[in-house]
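1. Provided below are the primary sequence and the corresponding predicted coordinates.
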Amino acid sequence: MLQNLRQARRNESGFTLIELLIVIVILGILSGIVVFAVSGINDRGTAAACKSDVSTVEVAVEAYYAKTGAYPAAGNWTVLTTGDDRFLKSQPSSPDYTVTLGADGAVTSTPANCLFP
């Protein structure tokens, strides 16, 4: 019986260490490509969200101007986000960009114009 086990063990074939290392290296390269591709998609999404927020605030400022006849004071988000007829649900906020309410209805963002590398 021991002889049969030894014979069966000799006939088994498997992967060598070199073959396994090559597969691991190939998987590492593929995962690196995927990581860089996904980060590019994330940057475009952040830029689109920033542009959307700037556009929304611009519309709210113009609606405020149409109703009151004056633009809100620079940085005064409370007139847009509070009251019975509020124009925004909340001030847009993100760790990646900031939307600034300036004088005379100017709405800007940092980075400027939501441009991301």
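-> Right, received. Where do you want to start?
2. Going by C-alpha atoms from here, please, whenever you check contacts or count neighbours.
-> Will do.
3. and V25, how many neighbours?
-> 11 (other C-alpha atoms under 10 Å).
4. mean confidence for the host helix or strand of it?
-> Per DSSP states H and E, V25 falls inside helix 17-68. Per-region confidence: helix 17-68 scores 90 on mean pLDDT.
5. Residue numbering should commence at 49 henceforth.
-> Taking 49 as the first residue, the last one we looked at is helix 65-116.
6. what's the spacing between it and its chain's center?
-> Remark: helix 65-116 is offset 4 Å from the chain centroid, using C-alpha atoms, centre = their mean, to the nearest Å.
7. Next SSE downstream of it?
-> Next element after helix 65-116 (DSSP H and E): helix 126-129.
8. what does that following helix contact?
-> Contact with helix 126-129 is made by A108, V109, Y112, P120, R134, F135, L136, K137, S138, Q139, as judged by C-alpha atoms under 8 Å, 6 or more residues apart in numbering.
9. what about that helix, distance to the chain center?
-> 27 Å.
10. From the contact counts, what lies against the helix holding V73?
-> On a contact count with 3 or more C-alpha pairs under 8 Å, 6 or more residues apart in numbering; DSSP states H and E, helix 65-116 meets helix 126-129, strand 146-149, strand 155-158.
11. mind giving me JSON lines with the ones you listed and columns for mean pLDDT?
-> Formatted as JSON lines, the helices and strands packed on helix 65-116 follow (pLDDT from 0 to 100):
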{"stretch": "helix 126-129", "mean pLDDT": "89"}
{"stretch": "strand 146-149", "mean pLDDT": "89"}
{"stretch": "strand 155-158", "mean pLDDT": "88"}
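12. Pipe those into TSV and attach distance to I72 and mean neighbour count per row.
-> Listed next are the helices and strands packed on helix 65-116 as TSV, based on distance: least, C-alpha to C-alpha, whole Å; neighbours: other C-alpha atoms under 10 Å:
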stretch	distance to I72	mean neighbour count
helix 126-129	54	16
strand 146-149	42	20
strand 155-158	42	17
